[in-house]
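Peer 1: Mind folding the following:
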Amino acid sequence: MLWLAVVIALVSSVYAAALQRHKSPPASKPAAPAPQSSADFDGETTDVERYWGRSVTIAISGIDSRLGVRQAHADANHVLRIWLDRGAIEILSVPRGTYADAGFSSKALNIIANYRARKGRAAYLRKLAEMTGVGRIDYYVEVGFSQAMGIFELLGFKGSAATTLHVLRTRKAFGIGDHQRCYNQAQFIRQMILKHFPRSDGMLDAVAIRTALALAETDLRYDVVQTILAALRAKGFPRSERDVTIRLCPRRHKTQDFDLSSQEKIVATAKKLDRRLKASGAMPRKPIFRVETYQQKLHRMTVEAARSLDRGKPSRAIALLERPFEQRAWLQLPDERVRATYMELISSTLIEAYEATGHVLKADAVRYFLAQLGVPSQSSLGVRADLPAGQLPP
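Peer 2: The predicted structure follows:
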C-alpha cells in the first residue's frame, strides 16, 4: 500500500515545479498571516486566503501493486503545495477510503485508493487536485513498496527501512484507522523535510536527490528540483517548523502526533503500535512479506526473460521484466550484493531486449537510470538461463 509516504517522502526531492501564479490579493484585503502550528487546518479558510503568490504542486502517491503487476492502487495520497513567494509548504493529505466515484456499481469500491487503478494516472491526478482544492497537479511522484524501501534508506533509515514501512502502513492500531495512518504519513514527510532541507545544498545530498528521483516513478527533473530548492532557500526556508503544515482532506477526527524523525523513534513507535495490535488481536499471525518467496519469484521472472532472449523472443523478455524494473523490485531484497546483482541483470536484459525490438529510447532510459546510480550499463552482462531456481550468478 504505501509506498511511501514517504515516499513518499522523497523529501529533499519533494520540492519540484512549474511556477503556477495565483491572483494577487486586492489592495483593500491584506494577505492572511502564516499558520501558527503544524496541526490540520479546520478547512474553513481557503488556500488563497492563507497564502498569496506562486505555488507548485506535487502529488506523492504510495502505490500498491504486486510484483510484475501493472494495476496500481493509490493507498497513500498526498499533495505538496510549495509556496515560492512565502517560502512555505503545505501537505494536503487524502485518506485512502475517501469517496471518489470510480465507476464501480458498489459504492464501497468508489474510493480514491481504487481511482488510480480504475481510471489511470492522469484521471487520478485530476481527481486528487479536485479533492485537495489545489486546482492542478504540476508534478507527480509515485512509489511502490520497493521504491519506498530505497528512499527510506536514503533518508537515513538504512537499518530500519522495513520497520519504517510497517509504521507508515499501520492503521488497525488506531481507533480512527486510516485517518491516523494518512496523518502519520504526512507527518513523516513533514519531519523529513524539516530535517533534511538545511543540508540539501551539499554535494552528498545532491547525489541523494538524483538517486531518489531515479528510484521513484516521477516526471520531476533534477534541474527543476534544484531551482525550487534555491527559491525556498532565498526565502530563508525553513524559518521555523511552522513553515511546513498539514491538512487532511477531509478532516473528520482528532489525530495524534508521533515523532518519526529517526531510526530510534521509528523503532520505538513500531513497538508501541505492535503492542496495540496484539492487545486488540489485530497482529497478523504470519509475515505478510517473505523475502525468500519474493526472491524466488523475481529469480524465475529474470531467468525466464533470459531464456526468451536466447530463443529470439525479446518481446516476451520485455513483458516479464519491464514492470519489475519500473517497480525497482530488487530493493525489497535485504542483501545489498543480491540487490545489485538483480538490478544489473534485469537492466541489462531489458537493454538487450529493447534494442532487439527497436525501442532504442527505452534502452537509453535504462542506461540513464544506471548512470544516475553510478553503475555502468553493460548489455553484455546477460542472465544465465541455466541457473536453478534461487541460485545467483557468481
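
Peer 1: for stretch 255-274, the distance to its chain's centre please.
Peer 2: Its chain's average C-alpha position is 20 Å from that of stretch 255-274, according to CA atoms, centre = their mean, to the nearest Å.

Peer 1: For that stretch, which residues meet the burial criterion?
Peer 2: Across stretch 255-274, burial judged by 16 or more other CB atoms under 10 Å covers Thr255, Phe258, Leu260, Ser261, Gln263, Ile266, Val267, Thr269, Ala270, Leu273. (C-beta placed from N, C-alpha, C; glycine too.)

Peer 1: Can you name the two of these that sit furthest apart?
Peer 2: Pairwise distances across these (CB to CB) peak at 23.2 Å, for the pair Thr255 and Gln263.

Peer 1: pLDDT score assigned to Gly159?
Peer 2: pLDDT for Gly159: 88.

Peer 1: Same question for Trp83.
Peer 2: Looking at Trp83, its pLDDT is 95.

Peer 1: do the same with the one 3 residues further on
Peer 2: Predicted confidence (pLDDT) for Arg86: 91.

Peer 1: re the thing from before, can you redo the buried residues of stretch 255-274 as TSV with pLDDT, distance to Leu333 and secondary structure?
Peer 2: Listed next are those as TSV, based on pLDDT from 0 to 100; distance: CB to CB, whole Å; DSSP: H, G, I helix; E, B strand; the rest coil:
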residue	pLDDT	distance to Leu333	secondary structure
Thr255	95	34	coil
Phe258	97	28	coil
Leu260	97	24	coil
Ser261	95	27	coil
Gln263	95	20	helix
Ile266	97	21	helix
Val267	96	21	helix
Thr269	97	25	helix
Ala270	96	21	helix
Leu273	96	25	helix
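
Peer 1: possible to save these as TSV with distance to Met343?
Peer 2: Shown next, in TSV, are the buried residues of stretch 255-274 (distance: CB to CB, whole Å):
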residue	distance to Met343
Thr255	38
Phe258	33
Leu260	28
Ser261	29
Gln263	24
Ile266	26
Val267	28
Thr269	31
Ala270	28
Leu273	32
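
Peer 1: So what's the residue count around Glu336?
Peer 2: Applying the criterion other CB atoms under 10 Å, we find 10 residues in the vicinity of Glu336.

Peer 1: quick one: it from His299, how far?
Peer 2: Distance, Glu336 to His299, using CB to CB, to the nearest Å: 17 Å.

Peer 1: buried set for the strand or helix carrying Thr227?
Peer 2: Under the criterion of DSSP states H and E, Thr227 resides in helix 222-234. Neighbour-count burial for helix 222-234, counted by 16+ other CB under 10 Å, picks out Tyr222, Val224, Val225, Gln226, Thr227, Ile228, Leu229, Ala231, Leu232.

Peer 1: need the next SSE after it, C-terminal direction.
Peer 2: Using DSSP H and E, the helix or strand that directly follows helix 222-234 along the chain is strand 244-248.

Peer 1: and that next one, what does it pack onto?
Peer 2: strand 88-94, helix 178-196 (3 or more CB pairs under 8 Å, 6 or more residues apart in numbering; DSSP states H and E).

Peer 1: okay if I get these as TSV plus distance to Gly103 and mean neighbour count?
Peer 2: Formatted as TSV, the helices and strands packed on strand 244-248 follow (distance: least, CB to CB, whole Å; neighbours: other CB atoms under 10 Å):
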stretch	distance to Gly103	mean neighbour count
strand 88-94	18	25
helix 178-196	22	24
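
Peer 1: can you redo these as JSON lines with distance to Ala356?
Peer 2: Listed next are these as JSON lines, based on distance: least, CB to CB, whole Å:
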{"stretch": "strand 88-94", "distance to Ala356": "43"}
{"stretch": "helix 178-196", "distance to Ala356": "41"}
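
Peer 1: can you give me the strands in the stretch 1-150 of the chain?
Peer 2: In the stretch 1-150 of the chain, the strands defined using DSSP state E, counting those that start in this stretch lie at 20-21, 54-64, 73-83, 88-94, 139-143.

Peer 1: Out of the ones you listed, which gets nearest to Ile288?
Peer 2: strand 54-64 (11.8 Å).

Peer 1: in its sheet, what does the closest one sit against?
Peer 2: Strand 54-64 pairs in its sheet with strand 20-21 (antiparallel), strand 73-83 (antiparallel), strand 139-143 (parallel), by DSSP bridges.

Peer 1: what angle do the last one and helix 222-234 make?
Peer 2: Interaxial angle of strand 139-143 relative to helix 222-234 (axes from the mean of the first three to the mean of the last three CA atoms, to 10 degrees): 110 degrees.

Peer 1: send the alpha carbons of strand 139-143 over as CSV?
Peer 2: Only the C-alpha atoms of strand 139-143 are listed here, as CSV (Å, rounded to 0.1, in the frame of the first residue of the first chain):
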residue,chain,number,x,y,z
TYR,A,139,4.3,17.0,-11.0
TYR,A,140,3.8,13.5,-9.6
VAL,A,141,5.9,11.1,-7.6
GLU,A,142,4.8,7.5,-7.3
VAL,A,143,6.5,4.9,-5.1
